Structures are given as structure tokens and as C-alpha cells.
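**Q** sequence plus predicted model, see below.
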Amino acid sequence: MPALLKMHSLAVGALLAFGFAVRADDALNTLTDAEKAAGWKLLFDGKTTEGWRAYRGKEVGDNWHVEDGALLLKPGSGKRGGDIVTTDEYDNFEMTFEWKISPGGNSGVMYRVAETRGAPYETGVEYQILDNAKHADGKNPKTSAASAYALYAPAKDATQPVGEWNKSKIIVDGNHVEHWLNGEKVVEYDYGSDDWNKRIAASKFKDMKRFGKEPKGHIDLQDHGNEVAYRNIKLRPLKAKES
């Protein structure tokens with residue numbers, strides 16, 4: 001092989017070994033031109049916690065950090081970061097995000113959360129984030145990953161192995177809600193339907209007067225005391241379907 005061609009091959013090899021990882025990171029937490037045209041917005045810029053604050057607070061909790069392009073909850077020193085919410089509120093939307101949970105870990109993404117109660121789960125439905133294999137909630141399908149927590153079980157366990165990134169989507173369109181996980185629709189329900197009302201009456205939420213009844217609210221990332229990471233958090237407002 002000619003010396004010049006050999007040097008070129010070595011350079012390409014170095015780029016393959018190191019450069020692709022950098023380019024992949026650069027693509028995180030960004031919008032394509034097509035996404036921008038479709039009305040998508042970033043809820044996390046990959047560098048700061050701008051656009052987020054503590055539930056019923058002003059600042060993001062101490063245990064929330066930005067590391068390697070991810071919004072990371074890293075518990076330590078006996079402190080808790082507390083739930084964080086978007087500064088803006090949303091009614092109808094399509095939201096995509098990636099998450100990675102620690103072994104035995106538990107977290108959640110809640111939507112249409114109001115700050116009128118003591119805890120976010122008193123108003124907002126939770127998209128469960130979980131290590132199904134090692135956390136006790138994984139034994140019950142209704143509290144497993146991607147469930148509408150304690151109400152609707154996912155059609156299947158579509159999670160990646162713990163330590164790998166999962167891709168999720170939540171659609172809230174009027175009263176209709178869908179949970180997606182790694183390309184598969186796993187939960188579907190309708191606020192206020194007969195089925196919804198029966199499940200609420202038989203659940204822990206039966207005495208929470210505003211649970212699932214807010215027409216709009218914040219997006220909430222739950223601090224359940226376990227390490228969890230989020231990235232590529234994007235949202236596209238939807239015009240609700242006519243009733």
C-alpha cells in the first residue's frame with residue numbers, strides 16, 4: 001500500500017474509533033429542519049437545566065445534573081433532588097424522549113401536572129420508568145415500565161436491558177392518550193371513559209379529586225431516589241381532536 005494511502009486509512013480508522021462518538025453526541029438534543037418545520041421544540045438543550053424547575057419551587061434540585069448530554073438524577077449525601085417540572089404547561093402534545101434507568105431503579109414521567117396539590121402524582125398520570133427485572137414494581141404489569149402507573153399495563157415488556165437507552169413517546173390528544181416504548185404502542189386509554197372511571201374507582205387515586213382531570217399542566221420528571229438519565233426530550237403541541 002502506498003504510504004499516502006496508508007496514512008489516509010489510519011486517519012479514517014482513528015475517526016471511526018473516536019470521531020463517530022463525538023458526532024453522535026453532537027446530534028443529541030437537537031432538532032432537524034423537518035422537526036422544526038413540524039413544530040417540535042426541545043425541552044432539554046443538553047447543556048443546562050433551562051426550562052425546568054422544582055415542583056412548586058424556583059430552582060432545580062441539587063441532585064439533578066447535566067452530564068454527557070443527559071439530564072441526570074444522581075442521588076447522594078442523603079439528599080433528594082425532588083421532582084422537576086417544565087416551566088411551561090401543555091394540554092395536547094406528542095412528546096418523545098430517551099431514558100436509562102439504574103439497576104433496580106424507579107422513576108417516572110408525568111403529564112398534565114398541576115401544582116395545586118402536595119405531590120405531582122395527585123394530578124398527573126405517570127408513564128412508569130423502571131428496571132422491570134430488579135424492582136418490585138416490575139412484578140405487577142400495571143406498575144411496570146411504560147405503564148400508566150397503577151392503571152393500565154403495557155401490552156408487552158419492550159424495555160432494553162438496564163444500562164441501555166430506551167426510546168419513549170407519549171401522545172395526549174384531547175382525552176386520548178398513548179404510551180409508546182421502543183417503537184411499539186404499549187398503552188392506550190381515554191380520560192373519562194367508562195373503563196377509565198372503573199379503574200380509578202378501584203385504584204389508589206380514587207380519593208384524589210383532581211387526578212387525571214387537569215386540561216393542561218406541566219411535564220414532570222420524578223425523583224424516586226434512584227439514578228436515572230433523560231435526553232432528547234422533544235415536544236410537539238397538537239391541536240386537539242374535536243369531541
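**A** It's in. As the structure is a computational prediction, the values presented were derived from the model and not from experiment. Numbers count the residues shown, from 1 in each chain.
**Q** surely Arg53 is within a strand?
**A** Yes. Secondary structure of Arg53 (DSSP: H, G, I helix; E, B strand; the rest coil): part of a strand.
**Q** bridged to it, which residues?
**A** Under the criterion DSSP bridges, Arg53 forms beta bridges with Val85.
**Q** neighbours around it, how many?
**A** 17 (other Cβ atoms under 10 Å). Any C-beta I mention is one placed from the backbone N, CA and C, and that applies to glycine too.
**Q** can you give me every residue that contacts it?
**A** Contacts here follow Cβ atoms under 8 Å, 6 or more residues apart in numbering; on that basis Arg53 touches Glu59, Val60, Ile84, Val85, Thr87.
**Q** repeat for Asn182
**A** Contacts of Asn182 (Cβ under 8 Å, 6+ apart): Ala158, Thr159, Gln160, Asn166, Lys167, Ser168.
**Q** got phi/psi on the nearest residue to it once chain neighbours are set aside?
**A** Closest residue in space to Asn182, ignoring its immediate chain neighbours: Ala158 at 4.8 Å, by Cβ to Cβ, 6 or more residues apart in numbering. The phi/psi pair for Ala158 (degrees, to the nearest 10) reads phi -110, psi 20.
**Q** from memory Ala158 sits against His179, does it?
**A** No. Counting by Cβ atoms under 8 Å, Ala158 does not reach His179; the two are 10.3 Å apart.
**Q** and stretch 108-115, what's buried?
**A** Gly108, Val109, Met110, Tyr111, Arg112, Val113, Ala114 (16 or more other Cβ atoms under 10 Å).
**Q** can you flag which of those residues belong to helices?
**A** Secondary structure from DSSP state H places none of these in helices.
**Q** mind splitting the protein into its structural domains?
**A** 1-30, 31-237 (automatic domain parsing).
**Q** mind putting these into TSV with mean pLDDT?
**A** As requested, the domains of the chain are exported to TSV (pLDDT from 0 to 100):
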stretch	mean pLDDT
domain 1-30	48
domain 31-237	96
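**Q** if you compare those, which one is most tucked away?
**A** By mean neighbour count, with neighbours taken as mean count of other Cβ atoms under 10 Å, domain 31-237 ranks first of the domains of the chain at a mean of 18.
**Q** just give me how far that one sits from the chain centre.
**A** Chain-centre distance of domain 31-237: 4 Å, with Cα atoms, centre = their mean, to the nearest Å.
**Q** cool, stretch 224-239 as well?
**A** With Cα atoms, centre = their mean, you get 3 Å for stretch 224-239.
**Q** CA-only coordinates of that stretch in PDB, if you can.
**A** Extracted as PDB, the C-alpha positions of stretch 224-239 are listed here (Å, rounded to 0.1, in the frame of the first residue of the first chain):
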ATOM      1  CA  HIS A 224     -37.900   8.300  43.200                       C
ATOM      2  CA  GLY A 225     -34.500   8.200  44.900                       C
ATOM      3  CA  ASN A 226     -32.700   6.200  42.200                       C
ATOM      4  CA  GLU A 227     -30.300   7.200  39.500                       C
ATOM      5  CA  VAL A 228     -32.000   7.900  36.100                       C
ATOM      6  CA  ALA A 229     -31.000   9.800  33.000                       C
ATOM      7  CA  TYR A 230     -33.100  11.500  30.300                       C
ATOM      8  CA  ARG A 231     -32.100  13.000  26.900                       C
ATOM      9  CA  ASN A 232     -33.600  14.000  23.600                       C
ATOM     10  CA  ILE A 233     -36.700  15.400  25.300                       C
ATOM     11  CA  LYS A 234     -38.800  16.800  22.500                       C
ATOM     12  CA  LEU A 235     -42.400  18.000  22.300                       C
ATOM     13  CA  ARG A 236     -44.800  19.000  19.500                       C
ATOM     14  CA  PRO A 237     -48.000  20.700  20.500                       C
ATOM     15  CA  LEU A 238     -51.200  19.200  19.000                       C
ATOM     16  CA  LYS A 239     -54.500  20.700  18.100                       C
END
